[in-house]
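A.B. asks: sequence below, structure please.
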Amino acid sequence: MCAVAVAAALCGCGSEPPPADAPARSRSLREGKAAGWSEARARRRAYDGAPPVIPHMPMGANCTSCHSQTGIQFGEMGFAPPMPHTVSQNPGMFARCEQCHVYVDDASVFAENDFAGLRQDLRKGRRATDYSPPVLPHPVFMRENCAACHTGPAAREEIRCTHPERIRCRQCHVPVEEVTEFVRTDAALSMFVPSKNGEE
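C.D. replies: Reported below is the predicted structural model:
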């Protein structure tokens, strides 16, 4: 009797139970998507870890004329994504965007080679606890405007936010604290180690 109830629950009103290899297929699909996302991200970077490249030639205007806090749609040319650097120094005409962002047209600068860098793993969804939202997988410095990359037309599917109406992102998504941010020194340790002769 119990076996019949379980079989009926699995079949769910005429549908067939999932195949035995469903978890493996699902994992393979996720890994395939992550590889595709990784390749799409790599095309937007000069190298892994670099800021996005500038996908157009110089236009004779300040970058922030188009890349504002919200971004701008330019007809058929496309969408200029918002600038994520909300508290950066020297915004506007004095911004030095090209100090970090480079133009795509670099064919005359570099010699052709077979170098292949390390691939980035975009499945970096660590959590502070089992029930916490994902931690921020990148530093917050120069990325203060989360909405610039994670909402709107410029947001890629794999990082698009499902709740853009909530504007205090770091209230739930905590930054990753690297071990290298705190360094032990002999002087600091000596404050906590009692002296051998009982003196303080």
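A.B. asks: in the chain, which spans are strands?
C.D. replies: Using DSSP state E, the strands of the chain run over 72-74, 78-80.
A.B. asks: which residues are contacting the first one?
C.D. replies: If you take Cβ atoms under 8 Å, 6 or more residues apart in numbering as the criterion, strand 72-74 is touched by C66, F79, A80, P153. All C-beta spots, glycine's among them, are computed from the backbone N, C-alpha and C.
A.B. asks: direction included, what does that strand pair against?
C.D. replies: strand 78-80 (antiparallel) (DSSP bridges).
A.B. asks: which parts of this structure are helices?
C.D. replies: 2-11, 22-43, 63-66, 146-150, 186-190 (DSSP state H).
A.B. asks: pick out the shakiest of these, pLDDT-wise.
C.D. replies: Among those, helix 2-11 carries the lowest mean pLDDT, at a mean of 44.
A.B. asks: low pLDDT regions in this structure?
C.D. replies: 1-35, 88-94, 105-110, 117-125, 177-200 (pLDDT under 70).
A.B. asks: so P82 sits against Q69, correct?
C.D. replies: Yes: using Cβ atoms under 8 Å, P82 makes contact with Q69 at a distance of 5.7 Å.
A.B. asks: E98: which of the contacts of strand 72-74 is nearest?
C.D. replies: C66 (14.7 Å; Cβ to Cβ).
A.B. asks: how far away is the closest one from G36?
C.D. replies: In this view, C66 and G36 are 28 Å apart by Cβ to Cβ, to the nearest Å.
A.B. asks: those two: which is more packed in?
C.D. replies: C66 (18 against 13; other Cβ atoms under 10 Å).
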